[in-house]
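A.B. asks: Please find the sequence and the predicted model below.
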Amino acid sequence: MKKRSRVILGFLLVLVFSMVFAGCSPASQPDSSSKPDTSKEVSGKEDVTQQTVTLRFSWWGADTRHQATLAAMELYSQRNPNVKIEGEYGAFSTFYQKLLTQLAGRTAPDIISVDYKWTHDLMKQGSPFVNMYTLTDKIDMNGFDLDFAKIYGGDDDYLIGLPAGVNGMGYLYNVEFLKEFGIEPNNEWDWETVIENGKKVQAADPSKHLMYNISEHWVYLLKTMLKQINGNTILNDDYSLGFSRDDIIQVFDYIRRLVETGTVPPFEEGVLYENVYADQNPNWLNQNFGIFPTSSSLIPGIAAASDFELDVFRYPVPKDAVDPGILVTPSMFITIYEHSKYQDVAADFIDFFFNDEEAIMILKDTRGVPANEKAKEMLVREGIVPKQVSDMVSQSLTGAGIAENGPSLNPEVIALIKDYIQQVGYLKLTPEQAADEFMKELEALAASLK
């Protein structure tokens, strides 16, 4: 696609300029590209207060996550007065591109949140993060399932970071909305159940729609359906296609039917909100949508903004599914930048972030059900993990699909998927046309990535 080629070209130019300017920085500027100076390095809790240290910590998410994270950072600084932590946070949609630019210019924060979808590519780029396996003497990892972490964030010798939470996909719904239209939510829905209930809403009130998908969740839908049809990821480990033409036509046809039946709003109406969560979508907040597919970690932020009762049920799984397909992943990894001058202090903060009881009670479940068993047990015992969150994780685990492999998580692959979902969603291409063009482009892209 010409538009997509221009976007990729523009982004490559940004990276080049970032690298050039980074190499031409004035001598008076700190050289963040240098390895840590061990003669001045702060080491562990004993030395944290002996030197003024400023750490940068980056993440994305809803406002509830921002405020909780800032409060935990403040608590750490109160206990360690010489350590200041600066927060860098914003929208998920622009986070990865900004991170790539920072890594190219060696200006990345000391502590970085990394989505599981990026880990494979980042590890191929020289693993620009400290190996967590080397920090077991500085961070208490006893509460983590490192085998689960390794599936998405490492291999036998390297672990990119520690998982902040466990995320499961599911349907979050407005209880009163579904009741109004006589819709019965349960964990036995399949994809045709969605269409049937979408038609029911439209027949009663054409101004309302059963469901809304943000851009990321259209990708999840496509990948989940393909796993359910054939049991494969979209690309195999050898970068060959993990699906047939008939498989992808079936998925594209379903997306078209969602639009044509009014189960979801026309793509033209949703363009302003395709990259924002439900807590910022006025149509959700005004109760014009009944279901918002989401990951469990985002429920607290959405619930805080929604002035109506919410509940959850399982993501659709057909009875004849080859693989149930539901995505169950780490919510994000917390990593340490390899060029941080204060790696030991960053490790000390991460240990505090995950294991300190006061920090756990501040952060709660803003990054999903905690991956750290100690934190999870505390929140469950105190009744802090909302029932909807724990229910969605439990429901998703009953239908967890095969793990996404590196090729299927490549950002360029995801961008291509989004491109063709848009072409089908805007009704510019038929499912057959989209299938032929998508497969041709994906094969070319996969060959270049391989």
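C.D. replies: Perfect, I can see it now.
A.B. asks: what comes into contact with whatever helix or strand Arg256 lives in?
C.D. replies: For Arg256, the enclosing helix or strand under DSSP states H and E is helix 245-260. Residues outside helix 245-260 that contact it (C-beta atoms under 8 Å, 6 or more residues apart in numbering): 191, 194-195, 198, 211, 218, 221-222, 225-226, 229-230, 263-264, 266-267, 420-421, 424-425, 427, 430-432, 434-436, 438-439. Using the backbone N, CA and C atoms, a C-beta is placed for each residue, glycine as well.
A.B. asks: Mind giving me the PyMOL command for buried ones among those?
C.D. replies: Applied in PyMOL, the following selects the buried portion of these according to 16 or more other C-beta atoms under 10 Å:
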select buried, resi 191+194+195+198+211+218+221+222+225+226+229+263+264+267+420+421+424+425+431+434+435+438+439
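A.B. asks: Just the contacts of helix 245-260: which are in strands?
C.D. replies: Using DSSP state E, the subset of those located in strands is Met211.
A.B. asks: average pLDDT for the helix holding Arg256?
C.D. replies: Mean per-residue pLDDT for helix 245-260: 98.
A.B. asks: Go through that helix and flag the buried ones.
C.D. replies: For helix 245-260, by 16+ other C-beta under 10 Å, it's 247-259.
A.B. asks: Pull the most distant pair out of the residues you listed.
C.D. replies: With C-beta to C-beta as the measure, no two of these lie farther apart than Asp247 and Val259, at 20.0 Å.
A.B. asks: thought Lys117 was touching Ala403?
C.D. replies: No: with contact defined as C-beta atoms under 8 Å, Lys117 does not count as touching Ala403 (11.8 Å).
A.B. asks: what about those two, which has more around it?
C.D. replies: A count of neighbours by other C-beta atoms under 10 Å puts Lys117 above the other of Lys117 and Ala403, at 20 against 15.
A.B. asks: Run through the residues that contact the nearest residue to that one once chain neighbours are set aside.
C.D. replies: Nearest residue to Lys117, sequence neighbours excluded (C-beta to C-beta, 6 or more residues apart in numbering): Leu409, at 4.5 Å. Leu409 is in contact with 116-121, counting by C-beta under 8 Å, 6+ apart.
A.B. asks: do the same with Thr430
C.D. replies: Counting by C-beta under 8 Å, 6+ apart, the residues that Thr430 touches are Arg256.
A.B. asks: Can you tell me how far it is from Leu221?
C.D. replies: As judged by C-beta to C-beta, to the nearest Å, Thr430 and Leu221 stand 19 Å apart.
A.B. asks: next one: the helix holding Arg256 to chain centre, how far?
C.D. replies: Relative to its chain's centre, helix 245-260 lies at 24 Å (C-alpha atoms, centre = their mean, to the nearest Å).
A.B. asks: can you check stretch 289-303 too?
C.D. replies: 13 Å.
A.B. asks: Put the alpha carbons of it into PDB.
C.D. replies: Output of stretch 289-303 as PDB, limited to C-alpha atoms (Å, rounded to 0.1, in the frame of the first residue of the first chain):
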ATOM      1  CA  PHE A 289     -22.500   0.700  23.000                       C
ATOM      2  CA  GLY A 290     -23.200  -2.400  25.100                       C
ATOM      3  CA  ILE A 291     -19.900  -4.300  24.800                       C
ATOM      4  CA  PHE A 292     -16.300  -3.200  24.800                       C
ATOM      5  CA  PRO A 293     -13.800  -6.000  24.200                       C
ATOM      6  CA  THR A 294     -10.800  -5.300  26.400                       C
ATOM      7  CA  SER A 295      -7.900  -6.800  28.400                       C
ATOM      8  CA  SER A 296      -8.500  -7.300  32.100                       C
ATOM      9  CA  SER A 297      -5.900  -4.800  33.200                       C
ATOM     10  CA  LEU A 298      -7.900  -1.900  31.700                       C
ATOM     11  CA  ILE A 299     -11.100  -2.600  33.500                       C
ATOM     12  CA  PRO A 300     -10.400  -0.500  36.700                       C
ATOM     13  CA  GLY A 301      -9.900   2.600  34.500                       C
ATOM     14  CA  ILE A 302     -13.000   2.000  32.400                       C
ATOM     15  CA  ALA A 303     -15.100   1.300  35.500                       C
END
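A.B. asks: For it, buried residues please.
C.D. replies: By neighbour count on 16+ other C-beta under 10 Å, the buried set for stretch 289-303 is 289-303.
A.B. asks: likewise stretch 394-413?
C.D. replies: Neighbour count says stretch 394-413 has 395-396, 399-401, 404-410, 413 buried, by 16+ other C-beta under 10 Å.
A.B. asks: Please write out the alpha-carbon positions of that stretch in PDB.
C.D. replies: Extracted in PDB, the C-alpha atoms of stretch 394-413 (Å, rounded to 0.1, in the frame of the first residue of the first chain):
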ATOM      1  CA  SER A 394     -10.300 -16.800  35.000                       C
ATOM      2  CA  GLN A 395     -12.600 -16.900  32.000                       C
ATOM      3  CA  SER A 396      -9.800 -16.300  29.600                       C
ATOM      4  CA  LEU A 397      -7.600 -19.000  31.100                       C
ATOM      5  CA  THR A 398     -10.400 -21.500  30.300                       C
ATOM      6  CA  GLY A 399      -9.900 -20.700  26.600                       C
ATOM      7  CA  ALA A 400      -6.200 -19.600  26.400                       C
ATOM      8  CA  GLY A 401      -4.800 -20.000  22.900                       C
ATOM      9  CA  ILE A 402      -1.300 -20.900  21.800                       C
ATOM     10  CA  ALA A 403       1.200 -18.200  22.500                       C
ATOM     11  CA  GLU A 404       2.000 -15.700  19.900                       C
ATOM     12  CA  ASN A 405       5.400 -16.200  18.300                       C
ATOM     13  CA  GLY A 406       7.900 -13.500  17.400                       C
ATOM     14  CA  PRO A 407       7.100 -13.200  13.700                       C
ATOM     15  CA  SER A 408       3.300 -12.800  14.500                       C
ATOM     16  CA  LEU A 409       4.100 -10.000  17.000                       C
ATOM     17  CA  ASN A 410       6.300  -8.000  14.600                       C
ATOM     18  CA  PRO A 411       5.000  -4.400  14.500                       C
ATOM     19  CA  GLU A 412       5.200  -4.200  10.700                       C
ATOM     20  CA  VAL A 413       3.000  -7.400  10.500                       C
END
